[in-house]
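Peer 1: Below: sequence and its predicted model.
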Amino acid sequence: MELEVERKSDSDLSTDLLNRLIKFKGKNPLVMASSTESVDLARSLANKLDGNFEKVLVKKLVDPKDTNHIIGAVTEWGGVYLGAEAAARGYNVHNLQENILLLVEEMQRYRRQHPVVHSPEGELAIFVDVGSRTGYRLMAVLQSVKTYPPKLIVVATPKITHRAFALINNLCDEVIALKVT
């Protein structure tokens, strides 16, 4: 069954998610991509739901000593989420501050060239991610979006792990996932 989801085209995934999100059509949702890979899917859903599109800037935070290992995520709003692996490897927000600031500065440079058109504040916000294994990006986004509190927070994804689902479930009003693995 898992392979069936992975083989679907972007168009099929968009249609499947749209079928689950159709209840938000006509409610002017703000559909936000939580990763670069999610932009096309989020933009397509925004158009089909008669909503607005925006990209949330969020970067994976990697272990400075092992760049193949993701230990958390940082948002353009300065929100930081560190997974349990970060503490197990001896990291915390203080000893990662330099890395975090570099990522935030990078996102702020991008944002100066590509300003936000639609703020999530007071909106029906649908955060789209093409797939979440760790949940770190979504955790960072969902924790930091409280700075601009939406009236309703929905996460929509074709697939998510049980672990990621457990992390994000209490930070949003609804999780719409085609597959939980």
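Peer 2: Thanks, I have the structure now.
Peer 1: in this protein, which spans are helices?
Peer 2: Using DSSP state H, the helices of the chain run over 2-7, 10-21, 39-48, 84-88, 97-113, 136-144, 162-168.
Peer 1: Could you list the buried residues of the fifth one?
Peer 2: By that I understand helix 97-113. 99, 100, 103, 104, 107 (16 or more other CB atoms under 10 Å). For the C-beta atoms, the positions are set from N, CA and C on the backbone; glycine is no exception.
Peer 1: out of the helices of the chain, nearest to residue 179?
Peer 2: Checking the helices of the chain against residue 179 by CB to CB gives helix 2-7 as the closest, at 4.7 Å.
Peer 1: For that closest one, the averaged confidence score.
Peer 2: Across helix 2-7, the average pLDDT comes to 36.
Peer 1: circling back: I'd like the buried residues of helix 97-113 as TSV, with pLDDT and distance to residue 159 appended.
Peer 2: Below are the buried residues of helix 97-113 laid out as TSV (pLDDT from 0 to 100; distance: CB to CB, whole Å):
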residue	pLDDT	distance to residue 159
99	94	29
100	94	28
103	95	26
104	93	29
107	94	26
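Peer 1: Of those residues, which is the nearest to residue 81?
Peer 2: Nearest to residue 81 among these is residue 100, at 10.9 Å by CB to CB.
Peer 1: Once you drop chain neighbours, what's closest to that closest one?
Peer 2: residue 74 (5.4 Å; CB to CB, 6 or more residues apart in numbering).
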